[in-house]
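# Give me a model of this one.
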Amino acid sequence: MHKEAFLLHQLPLVAAEHNPDALALHANGEWLSYGQLAVALRQFAAGLSSISVGRGERVAIYLDKRAETVIASFGAPAHGAVFVPVNPVLKPEQVGHILRDCDVRVLVTSSDRLAGLVAELAQCPALRHVVVVGPSPAVAGPGAVALHGWEEFMSAGGSPSHRSVDADMAGILYTSGSTGKPKGVVLSHRNMVAGAKSVASYLENCGDDVLLAALPLSFDAGFSQLTTAFHARARVVLLNYLLAKDVVKAVAQHRVTGLTAVPPLWIQLTQSRWADGAGSSLRYFANTGGRMPLETLKSLRGLFPQAQPYLMYGLTEAFRATYLPPEEVDRRPDSIGKAIPNSEILVLRSDGTPCDPGEPGELVQRGALVAQGYWNDPEKTAERFRPLPGREGGLVLPELAVFSGDTVRRDDDGFLYFIGRKDEMIKSSGYRISPTEIEEVLYGTQLIGECAAFGLSHATLGEAVAVVVTPPPGSTIDLAALTALCRERLPAYMVPARIEVRDGPLPRNANGKIDRKSIATEFRNSAPTSP
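Residues are numbered from 1 along each chain as shown. Sure thing, here's the model as predicted:
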């Protein structure tokens, strides 16, 4: 009898039952078969059982891309817990916020990362256990926190795990919000499995595919490389790259057939040297995280004439949203396409009525991929996840759709085109960056009086971070010291590319708040060139 996955961890487990010897995951220089991966997932789930992790409790994973990252990500939901992937480029203060925000009970990390987290972990009252990958840590955990070595934890054994259904939480992915600290998007098993099946269907993934996981696994499109590969019983190669040439080498070495990336990486790849035949194995390349420049698309099609291009758009709040089929790329290369399978995209006016073709409106998504809301944030959840107007009046429990905050238009053929964002989020290198979060770090340096952060159009990044600051009263600004502290306290993609000093105070809006929009408009109009 053919088995089907309904829960996240069942994606690799079903593949293992089909063919346990098939290769699943390349990491740390070695391959794991589906059978080996299945054993490891069950061992990790048993480890959580042995330390009495309850149903729905959160397990954070703060590691680079490696086998243990994947084992913990699928092993936690296999136990009935919730995995929380933390971007490895985040600084300790940002990691601490995530751990506190969702009351993480177990943290999986490495000894070197743990050393930098000790002060933050002391402020995480819900944390009880840290599982350490690699060498034993040189530091002790805070007070009530027990440290476990990976090998010890994986051999602990435990009672059977909790029973789960597809409506249960599987993971929480943190994404920057327009009002400051990152928000946790709660994704169910159903969200993630439906996403895997939908994406694999239009990319036509199969058991012969080799997918390269170059994007962060804390990013929905990055984690999707795992879920789509496991659903299709394909192979996935984990890559922690420093330079674009590392991606080129991995594509050639592993005969990669599917590569998904963000525009800045695609631009770098077109500027890299590809040896004859290095990219000949690619069956498709897919773009996400912002619009790909037309010249970059042309260059990629020249580099990989045999590969099909897929232009995609997605929300963390719904995992994936739209794609443009390869056969439409020549006719409408600036389109984000149509809804992915098992999803519906609406373009609505502010009163909830549908927009006419060509009329700008808000992109609204409904279907099995719509998330369960933001963790512990009822106000933001109610703002973004709302019932659709004009639905059946007899439906007592209304269906919730996600209102993206993005403005789009639909042409006469039903294809969608991105226009802009309602909020002030900065989109750089595929990341959504909160200007408020950057401003909080700047204020924390105590080197400035006031500040405003915003995005500037950038040829390779999409947008670059710019900041206008004023000096503290009666003082001046040490730009070198301010820049150094930004690099120390912010991940590289959030560090301002431009800092301009102005006399204060900065302009205010009608509510008395610093008018970030007017400052950004003035800056753009006066800036001589793009960064």
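# what sits against the closest residue to Phe83 other than its chain neighbours?
In space, and not counting its chain neighbours, Phe83 is closest to Ala76: 4.1 Å by Cβ to Cβ, 6 or more residues apart in numbering. Glycine gets a C-beta too; all of them are placed from N, C-alpha and C. Ala76 makes contacts with Phe44, Ala45, Leu48, Val59, Ile61, Val82, Phe83, Val106, as judged by Cβ atoms under 8 Å, 6 or more residues apart in numbering.
# For my notes, confirm Ala76 occurs in a helix.
Yes - the assignment for Ala76 (DSSP: H, G, I helix; E, B strand; the rest coil) places it in a helix.
# shift numbering so it begins at 238
Understood, numbering begins at 238; the last thing we discussed is Ala313.
# From Ala469, how far out is it?
23 Å (Cβ to Cβ, to the nearest Å).
# Please name the nearest non-neighbouring residue to Leu248.
Using Cβ to Cβ, 6+ apart, the closest residue to Leu248 is Phe467 (3.9 Å).
# I'd like to know which of the contacts of Ala313 is nearest to Leu537.
Ile298 (32.0 Å; Cβ to Cβ).
# Quick check: the closest one touching Pro322?
Yes - Ile298 is within contact range of Pro322, at 5.3 Å (criterion: Cβ atoms under 8 Å).
# Looking at those two, which has the bigger crowd around it?
Legend: neighbour count by other Cβ atoms under 10 Å for Ile298 and Pro322, higher for Ile298 (27 against 24).
# Identify the bridge partners of Val473.
Leu262, Leu448 (DSSP bridges).
# which ones are touching it?
Val473 neighbours (Cβ under 8 Å, 6+ apart): Ala261, Leu262, His263, Val447, Leu448, Leu449, Ala450, Gln462, Leu463, Ala466, Phe467.
# Distance check, the second one against Gly272.
In other words, Leu262. Applying Cβ to Cβ, the value for Leu262 to Gly272 is 12 Å.
# Tell me which of these two has more neighbours.
Leu262 (26 against 17).
# Would you confirm that the more buried one contacts Glu305?
No - Leu262 lies out of contact with Glu305 (Cβ under 8 Å); the separation is 11.0 Å.
# hang on, Glu357 in a strand?
No - according to three-state DSSP, Glu357 belongs to no strand; its state is helix.
# For it, the count of nearby residues, please.
The tally of other residues near Glu357 (other Cβ under 10 Å) stands at 20.
# name the helices or strands packed onto the lengthiest helix in the chain?
Counting by DSSP state H, the longest helix found in the chain is helix 271-287. If contacts are counted by 3 or more Cβ pairs under 8 Å, 6 or more residues apart in numbering; DSSP states H and E, helix 271-287 sits against helix 247-255, strand 260-264, helix 304-316, helix 387-391.
# Just give the closest residue to the residue most central in space within the chain, not the sequence neighbours.
Closest to where the C-alpha atoms of the chain average out (Cα atoms, centre = their mean) is Phe456, at 1.6 Å. Nearest residue to Phe456 in three dimensions, chain neighbours excluded: Gly667, at 7.1 Å (Cβ to Cβ, 6+ apart).
# Please tell me how far the one you found sits from Leu452.
Counting by Cβ to Cβ, the gap from Gly667 to Leu452 is 7 Å.
# intersection of neighbour lists for these two?
Common neighbours of Gly667 and Leu452 (Cβ under 8 Å, 6+ apart) are Ala458, Val499.
# dump the residue contacts of the spatially closest residue to Gly741 that is not a sequence neighbour.
Excluding its sequence neighbours, the residue lying closest to Gly741 (Cβ to Cβ, 6+ apart) is Thr707, at 3.4 Å. Neighbouring residues of Thr707 by Cβ under 8 Å, 6+ apart: Ile685, Gly686, Glu687, Cys688, Val738, Arg739, Asp740, Gly741, Pro742, Leu743.
# I'd like the distance between the spatially closest residue to the second one that is not a sequence neighbour and Leu278.
The shortest distance from Gly686 to any non-neighbouring residue, by Cβ to Cβ, 6+ apart, is to Thr707 (4.2 Å). Thr707 sits 53 Å away from Leu278, taking Cβ to Cβ as the criterion.
# now do Pro546
34 Å.
# Which of those two has more residues huddled nearby?
Comparing Pro546 with Leu278 by other Cβ under 10 Å, the one with more neighbours is Leu278, at 24 against 19.
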